[in-house]
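S.K.: fold the following.
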Amino acid sequence: MVEFALSSVVLLLIIGGLIDIGRAVSVSEVLSSAAREGARHGAWFDYPNVAHTYLTDGQIQGVVDAALTANSLPLSTLKNPGTTCPNPTDGNAYHNPPYANSAYPVGANEVWLYICYDNTPGVDFTSPPNGQSQQDLNVIVLYSYGPLTPLISAQFGTFHLAANEHITVQGP
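M.R.: Numbering: from 1, shown residues only. Sure, this is the predicted structure:
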């Protein structure tokens, strides 16, 4: 009887871990899709009006949030202005992962959004820019994943998931 009780506990931990891994993969795919959709939306160029109508923080965040909420994730917290490009820990110049722990949300199951223009920290658009000055748009979605299994979350805390999408802004 004792062996059955011990094996049941081990089996439940394995099943809980597998569910958490599956959920983390699903959340990672949603984050990737949200970053991609935000970048595609921001890079669209309005040829008839010769304008970057959607190249603003608010427009991009709206598309990212729509993708997140459609998949039952919380709305993002925009980190612009202030920290527009999170610092990578490996020294790459394009602000690609991996990122420092300080770039991620502190609480479990929170989403932070960074929008980096022209790979330059501090550049921020609250209204559409004039002309074709922007060449690169980088939408970065960071998430602190909180496991459902109590033993895993008590032992390891949250896990950091990142999605990053670079796209070239269109224009004449």
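S.K.: and the spatially most central residue of the chain, which of the three is it?
M.R.: The residue lying closest to the centre of the chain (CA atoms, centre = their mean) is residue 141, at 1.4 Å. Assigned with DSSP: H, G, I helix; E, B strand; the rest coil, residue 141 falls in the strand class.
S.K.: pretty sure it contacts residue 76?
M.R.: Yes: counting by CB atoms under 8 Å, residue 141 touches residue 76, with 6.7 Å between them. Placement of C-beta: from N, CA and C, glycine included.
S.K.: joint contacts of those two?
M.R.: Common contact partners of residue 141 and residue 76 (CB atoms under 8 Å, 6 or more residues apart in numbering): 34, 64, 111-113.
S.K.: and the two most separated of the residues you listed?
M.R.: For the shared contacts of residue 141 and residue 76, the farthest-apart pair by CB to CB is 34 and 112; their separation is 12.1 Å.
S.K.: which stretches in the protein count as strands?
M.R.: Applying DSSP state E to the chain gives strands spanning 76-78, 110-117, 136-145, 159-168.
S.K.: residue 49 is nearest to which of those?
M.R.: Of all these, strand 136-145 comes closest under CB to CB, at 18.9 Å.
S.K.: how far off centre is the closest one?
M.R.: 3 Å (CA atoms, centre = their mean, to the nearest Å).
S.K.: buried residues in the helix or strand of the chain with the lowest mean pLDDT, which are they?
M.R.: Across the helices and strands of the chain, mean pLDDT, DSSP states H and E gives its lowest value to helix 150-156, namely a mean of 71. Buried residues in helix 150-156, counted by 16 or more other CB atoms under 10 Å: 152-153.
S.K.: who does that helix touch, helix- and strand-wise?
M.R.: Counting contacts by 3 or more CB pairs under 8 Å, 6 or more residues apart in numbering; DSSP states H and E, helix 150-156 is packed against helix 2-43.
S.K.: and the helix it packs on, average pLDDT?
M.R.: When pLDDT is averaged along helix 2-43, the result is 88.
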